[in-house]
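> Output the structure for:
(3 chains)
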Amino acid sequence: MLAFHPQQPVVRTPVFEGPLDLLLYLIRRDGIDVRNLPIAHITREYLAYLDLMESMDLGIAGEFLVMAATLCQLKSRELLPRDPDVESEEEEEDPRERLVRRLIEYQRYKEASEELSLRPWLGRDVYVRPAAEVDPADRPLARDFDAFALLESFYATLEAHAEGEPVHEVELEEYSFTERVQWLLRELDGGEPVPLMRILEKIGGRAQRVLTFLALLEITRMGMTVLEQEGHLAPIAVASVVASEDADLSSLPREEAG
Amino acid sequence: MSDEVDNLIVLPGVSVTLAEEPTDEVEEIDGLAPPDPEFLLAAVEAVLFGSDQPLSTDAVRVALNVELEGAVESALEMLRADYQERGAGIELVEVGGGWQMRTVQRAAPYVARALGAKPVRLSRPAVETLAIVAYRQPVTRSEVEDLRGVECGGVLRSLVSRGLVGTVGRTDDPGRPLLYGTTAGFLSFFGLGDLSDLPTLRDLREMQSDDPAEGPVPLPED
Amino acid sequence: MSDEVDNLIVLPGVSVTLAEEPTDEVEEIDGLAPPDPEFLLAAVEAVLFGSDQPLSTDAVRVALNVELEGAVESALEMLRADYQERGAGIELVEVGGGWQMRTVQRAAPYVARALGAKPVRLSRPAVETLAIVAYRQPVTRSEVEDLRGVECGGVLRSLVSRGLVGTVGRTDDPGRPLLYGTTAGFLSFFGLGDLSDLPTLRDLREMQSDDPAEGPVPLPED
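Predicted coordinates:
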């Protein structure tokens, strides 16, 4: 029994996947044509190898022993004188032929597996992109809310945060069209163009903004104010061409009674 | 009238914005506009880069919303040729019925080192079993064991758990044993386009003549 | 069949699995030869491709076992320029002190589609901000912040990167702050022909009061 010493020169011996693997090794080692399998020789070598494995305390799997039995059976069969009648009857089941066929077939798959081993393996020879979570910024937006939700959010925000008067629905009739024109012209005194948006933002109530906007359209039509837009993308600005005190408001539409 | 006013008031900048955005853009974006022809190659490249799985020509076509399949196919071929010509570190390969970007084999040791990952291993029994399943599929465990001459249950299980082999049904034999076959992961792992890309068995012709149906192998006497 | 010789084990008593591992593998990686100069660019490309983390110049240098740092740096720069010049679908970016390959922004919708990415929900701050921009456009950041009462820079940026909001100009105020407005992508997302299709408060009220479905369900008497 050998003891394992790391410094000792190592004994190298092939590892076999099974009895067929061992047989193929012996056939190749001894330069034997598998079709011309010398049963007596191969049986002797096979058993010798099992002895070696045993002497090294390597466990011998059951499959190896089954094959040993098969080989011994074949060998004894060959030693017997051949009876032509029995031979023809048993031809289909000739165990030796069957063994040869198994060996050749096993060799085919061994070779195929060697070719597979030479291919570029993923993770050994070639690599792909690691799976990555999609950047949330690149993921599509869920269509779980519509423009009405947007509107509700808008008003909710205004009511929650606006420092000025909250957006209320105010009756249109409470406001004077003329008063709105006067307010607009006062805002625009000085002649400098003012962004339309900024004017409208000064107005708290939505209805009042409607009225103011209508007033602006009216005095622009009358030539008291001009709307400017510097470029295609620029905001609209409003400028007055008359001073608020000098404006002639007599031609403004009459206000309807309450 | 009042409707208009409402909208105008709420949206002071409406005319500005409207002028800047053509309204017919809406349809295009809803159905995702296909890439401009000059961006097609780049879009194909990005889509393949972003996927860790092989993508079929059709999957690429759908992702890009390109109607014409030929356009995507020729873009894929151009991209593959482009990588080859400039000796890139990446190549475009057809595996498992799809296209995939992979590092070139020559770069493998550097990539492995950068990843700090040990190269993937398969034991010799595993590769042998895999070869038998690949060439004989669909195949039962006992058929594999007959061919290899050893018990294969554990090896088969580990191949299944690695996604290289899967069960594809059962035979009608007593006990209805499971049938095993290779998976798309198998093709991808070995860089095979499909099963017909498997190397042909070297002894195939010999084996065919060995087939008992064609007569017994003539054995010279000892 | 010299392969068999490779599958040797050291006897006695050494486990069978050792046989599957070529013993010289460790040495190979330790003494990994740096890529030939003509393969350097490709090796850098492969290493970055294979990594999901940004790699520092030094990490790339170590992976390639290249002594000279300048060589890797110039290879990285060349690679970046190369992608840019040919208008690739991939770009090389320096993020967080490392280099990373990623798809170009323009290709993002296609990549997301290819991956079947799950949709994300807009956060409440994002919806609020979007609502303000939609109904008050053109609007500056500080105006949005006044209305919401909180800082909105990040939310606005994310809406811009989502393509729902864009800059439409600048005011004449000191510092000339940017003006934001909604985009064509915004219209398409909400299925609006143009901004005048945005619902008004009146629409909302009509819906709530007139739509019988919205009203309380009459309970049947017991």
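
> so who does B:L40 touch?
B:L64, B:V66, B:A71, B:V72, B:A75 (C-beta atoms under 8 Å, 6 or more residues apart in numbering or on different chains). Using the backbone N, CA and C atoms, a C-beta is placed for each residue, glycine as well.

> now do 10 Å
B:P34, B:L64, B:V66, B:A71, B:V72, B:S74, B:A75, B:M78, B:L79, C:G89 (C-beta atoms under 10 Å, 6 or more residues apart in numbering or on different chains).

> can you check A:G18 too?
A:61, A:63-64, A:67, A:106, B:125, B:128, B:145, B:148-152.

> where along the chain do the helices fall?
No chain specified, so I'll use chain A. A:19-29, A:39-55, A:62-79, A:84-90, A:95-118, A:147-161, A:177-188, A:196-201, A:206-221 (DSSP state H).

> that's the wrong chain, I wanted chain B
Under DSSP H, chain B gives helices at B:2-10, B:14-20, B:25-30, B:40-50, B:57-64, B:69-85, B:108-115, B:124-136, B:141-148, B:153-161, B:184-190, B:204-210.

> Quick check: B:L187 touching B:G181?
No - look at B:L187 against B:G181 with C-beta atoms under 10 Å: they stay out of range, at 11.6 Å.

> In terms of neighbours, single out the busier of these two.
Counted by other C-beta atoms under 10 Å in any protein chain shown, B:L187 and B:G181 do not tie: B:L187 has more neighbours, with 23 against 17.

> Relative to A:L158, how far out is that one?
Distance from B:L187 to A:L158, counting by C-beta to C-beta, to the nearest Å: 59 Å.

> go on, B:P34?
B:P34 is 41 Å from A:L158, by C-beta to C-beta.

> and what of B:A108?
61 Å.

> Next: A:R35.
94 Å.

> re earlier: which of the helices of chain B has the lowest mean pLDDT?
Ranked by mean pLDDT, the helices of chain B bottom out at helix B:14-20, which scores a mean of 27.

> I'd say B:D58 and B:L76 touch.
No - the criterion here is C-beta under 10 Å, and B:D58 misses it with B:L76 at 11.5 Å.

> Compare the two (neighbour count), which wins?
Taking other C-beta under 10 Å, B:D58 and B:L76 do not tie; B:L76 has more neighbours (21 against 13).

> B:T167 and A:G123, how far apart?
Taking C-beta to C-beta, one finds B:T167 at 24 Å from A:G123.

> With neighbour numbers in mind, choose between the two.
Between B:T167 and A:G123, A:G123 has the larger neighbour count (other C-beta under 10 Å), namely 17 against 12.

> Please name the nearest non-neighbouring residue to the more buried one.
B:V120 (3.4 Å; C-beta to C-beta, 6 or more residues apart in numbering or on different chains).

> OK, now which residue of the stretch 151-258 of chain A is nearest to chain B?
Nearest to chain B, among the residues of the stretch 151-258 of chain A, is A:M197, at 4.4 Å (C-beta to the nearest C-beta).

> Around that residue, how many other residues sit close by?
23.

> for A:R180, same thing?
With other C-beta under 10 Å as criterion, A:R180 counts 23.

> per-residue pLDDT, the residue of the stretch 151-258 of chain A closest to chain B?
The model's pLDDT for A:M197 equals 78.

> For it, give its distance to A:L74.
From A:M197 to A:L74 the distance is 101 Å (C-beta to C-beta).

> Hmm, B:Q137 is touching B:L179, no?
Yes - between B:Q137 and B:L179 there is a contact at 7.8 Å, judged by C-beta under 10 Å.

> Next, the buried residues of stretch B:61-79.
Within stretch B:61-79, the residues scored as buried using 16 or more other C-beta atoms under 10 Å in any protein chain shown are B:R61, B:A63, B:L64, B:V66, B:A71, B:V72, B:E73, B:A75, B:L76, B:L79.

> can you check stretch A:177-196 too?
A:177, A:180-185, A:187-188, A:193-196.

> Who are the contact partners of the closest residue in space to A:F16 that isn't next to it in sequence?
Counting by C-beta to C-beta, 6+ apart, A:F16 lies nearest to A:L22, which is 4.2 Å off, once chain neighbours are set aside. For A:L22, the contacting residues are A:P14, A:V15, A:F16, A:E45, A:Y46, A:Y49, A:L50, A:M53, A:E63, A:F64, A:M67, B:G149, by C-beta under 10 Å, 6+ apart.

> Now that the last one has come up, it's in contact with A:M67, right?
Yes - in terms of C-beta under 10 Å, B:G149 counts as a neighbour of A:M67; the distance is 7.2 Å.

> Against B:W99, how distant is the residue in the stretch 101-250 of chain A that chain B sits nearest to?
Ranked by C-beta to the nearest C-beta, the top residue of the stretch 101-250 of chain A for proximity to chain B is A:G123, at 3.4 Å. For A:G123, the distance to B:W99 (C-beta to C-beta) stands at 19 Å.

> same thing with A:K75?
For A:K75 relative to B:W99 (C-beta to C-beta), the value is 57 Å.

> between these two, who's got more neighbours?
B:W99 (24 against 17).

> per-residue confidence for the more buried one?
For B:W99, pLDDT reads 95.

> Isn't it up against B:V44?
Yes - the pair formed by B:W99 and B:V44 meets the contact definition of C-beta under 10 Å, at 8.7 Å.

> Span of stretch A:222-237 from start to end?
17 Å (C-alpha to C-alpha, to the nearest Å).

> Could you do stretch A:122-129 as well?
11 Å.

> Same question for stretch A:226-246.
End to end - C-alpha to C-alpha - stretch A:226-246 spans 16 Å.

> Quick check: mean pLDDT of that stretch?
74.

> next one: it to chain centre, how far?
53 Å (C-alpha atoms, centre = their mean, to the nearest Å).

> again, but for stretch A:180-194
Worked out by C-alpha atoms, centre = their mean, stretch A:180-194 lies 58 Å from the chain centre.

> Next, see if it gets close to chain B.
No - against chain B, stretch A:180-194 shows no contacts by C-beta under 10 Å from any C-beta of the partner chain, the least distance being 11.9 Å.

> now, among the buried residues of stretch B:61-79, which is nearest to C:Q84?
B:L79 (17.0 Å; C-beta to C-beta).

> does that closest one really touch B:Q100, like I thought?
No - look at B:L79 against B:Q100 with C-beta under 10 Å: they stay out of range, at 11.9 Å.

> what sits in contact with each of the two?
Common neighbours of B:L79 and B:Q100 (C-beta under 10 Å, 6+ apart) are B:L48, B:E91, B:L92.

> Quick check: which of these are also close to chain C?
B:L48, B:E91.

> Turn the shared contacts of B:L79 and B:Q100 into a markdown table, columns for neighbour count and distance to chain A.
Formatted as a markdown table, the shared contacts of B:L79 and B:Q100 follow (neighbours: other C-beta atoms under 10 Å in any protein chain shown; distance: C-beta to the nearest C-beta, whole Å):
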| residue | neighbour count | distance to chain A |
| --- | --- | --- |
| B:L48 | 27 | 9 |
| B:E91 | 20 | 8 |
| B:L92 | 21 | 12 |
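
> For B:G191, give me phi and psi.
phi 60, psi 40 (degrees, to the nearest 10).

> The residue lying closest to it once chain neighbours are set aside: what's it in contact with?
Closest residue in space to B:G191, ignoring its immediate chain neighbours: A:P120 at 5.0 Å, by C-beta to C-beta, 6+ apart. Residues near A:P120 by C-beta under 10 Å, 6+ apart: A:V126, B:E91, B:V93, B:R102, B:T103, B:V104, B:Q105, B:A108, B:F189, B:F190, B:G191.

> mind redoing it with 8 Å?
So, once contact is read as C-beta under 8 Å, 6+ apart, A:P120 ends up touching A:V126, B:Q105, B:F190, B:G191.
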